[in-house]
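Student: Sequence first, predicted model second:
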Amino acid sequence: MFEKFLNDEQDPKAVEKVYSRLVDLLSSGEEIIYIAVQKKPLVNILPDCIAITNKRILFFTAANLGLSIKFVDFVWKDIVDVFTKEEIIGAIFSVKTIGGAEMGVDYLPKVQARKLYQYAQERKEAEREARRLRDLEEKRAESGAMQFEAPVNIAPVQPIVAHEPAPIPAPVVHEEPTPAPAPKPDELTEKLKKLKVLFENNLISQEEYNQKKLELLSDL
């Protein structure tokens, strides 16, 4: 099964060791995409390896004089960027994580470093798209879970009907009975004088004088 990862002159023994370790590490739905093997000049007994799956990237290092192998892995959603730098002998491939950690391997065959970079970029794009879709789903779920207040029943507005203004009642005028015009003081005085002249000349009696005088004074 691991032979398909030997197309770019990978060390068969290193790939076999990494592959057997990877099989035990794979989660449900996880698939191996590529395995790159370090190729140091002169001595390359215990090379470091890099494996890419559809879910993460793993860095393998031999331990205990090659009797065991240890690894560090990063899921794609935690990878900020990937880098490759070609040198005179081989190339360097490294990654940078959200937390600021950096991990890399040097002396990789250039063709393998290029393949790692290509596959890593593809996985980053896929993860970015998956993250965008997840954000959209979360926003839709949040908007669907929002509770809206029940609409307030507003009484319909009654049309305004123009009414003619009610007539203002005319003020009631209470007329007082018009008193009989009193005789002017000058006229009354003249009449009393004449009445007195008649009495003094014995033309009328005392009784007649008193009666006429009362009549004149009652008009005041």
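Tutor: Thanks, I have it. Predicted model, so just to flag it, every value in this text is computed and none were measured.

Student: Only the buried residues of stretch 110-119, if you could.
Tutor: Q112, A113, R114, K115, L116, Y119 (16 or more other CB atoms under 10 Å). No exception for glycine: its C-beta is placed from N, CA and C like everyone else's.

Student: again with stretch 126-139
Tutor: E127.

Student: average model confidence for it?
Tutor: For stretch 126-139, mean pLDDT is 89.

Student: just to revisit the earlier point, quick check, nearest of the buried residues of stretch 110-119 to L58?
Tutor: L116 (11.7 Å; CB to CB).

Student: The closest one sits in which helix or strand?
Tutor: Using DSSP states H and E, L116 sits in helix 110-145.

Student: again, but for L217
Tutor: helix 206-218.

Student: Now that helix: buried residues?
Tutor: Buried positions in helix 206-218, judged by neighbour count with 16+ other CB under 10 Å: Y209, K212.

Student: Just the CA trace of stretch 38-45, in PDB.
Tutor: The C-alpha trace of stretch 38-45 is given here as PDB (Å, rounded to 0.1, in the frame of the first residue of the first chain):
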ATOM      1  CA  GLN A  38      14.400  14.200   4.200                       C
ATOM      2  CA  LYS A  39      17.600  13.400   2.200                       C
ATOM      3  CA  LYS A  40      20.700  14.600   4.000                       C
ATOM      4  CA  PRO A  41      24.000  14.800   2.100                       C
ATOM      5  CA  LEU A  42      26.500  12.100   2.900                       C
ATOM      6  CA  VAL A  43      24.700  10.400   5.900                       C
ATOM      7  CA  ASN A  44      20.900   9.900   5.800                       C
ATOM      8  CA  ILE A  45      20.400   7.100   8.300                       C
END
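
Student: Next, the buried residues of stretch 21-33.
Tutor: R21, L22, I32, I33.

Student: and it, how far apart are its ends?
Tutor: Separation of the first and last residues of stretch 21-33 by CA to CA, to the nearest Å is 15 Å.

Student: Check the offset of that stretch from the chain's centre.
Tutor: Counting by CA atoms, centre = their mean, to the nearest Å, stretch 21-33 is centred 43 Å from the centre of its parent chain.

Student: I'd like the numbering to begin with 19 instead of 1 from here.
Tutor: Fine by me, first position is 19 from now on; the one you just mentioned is stretch 39-51.

Student: for V36, helix, strand, or coil?
Tutor: What DSSP: H, G, I helix; E, B strand; the rest coil gives for V36 is helix.

Student: quick one: it and I68, what's the gap?
Tutor: Noted for V36: a distance of 9 Å to I68, by CB to CB, to the nearest Å.
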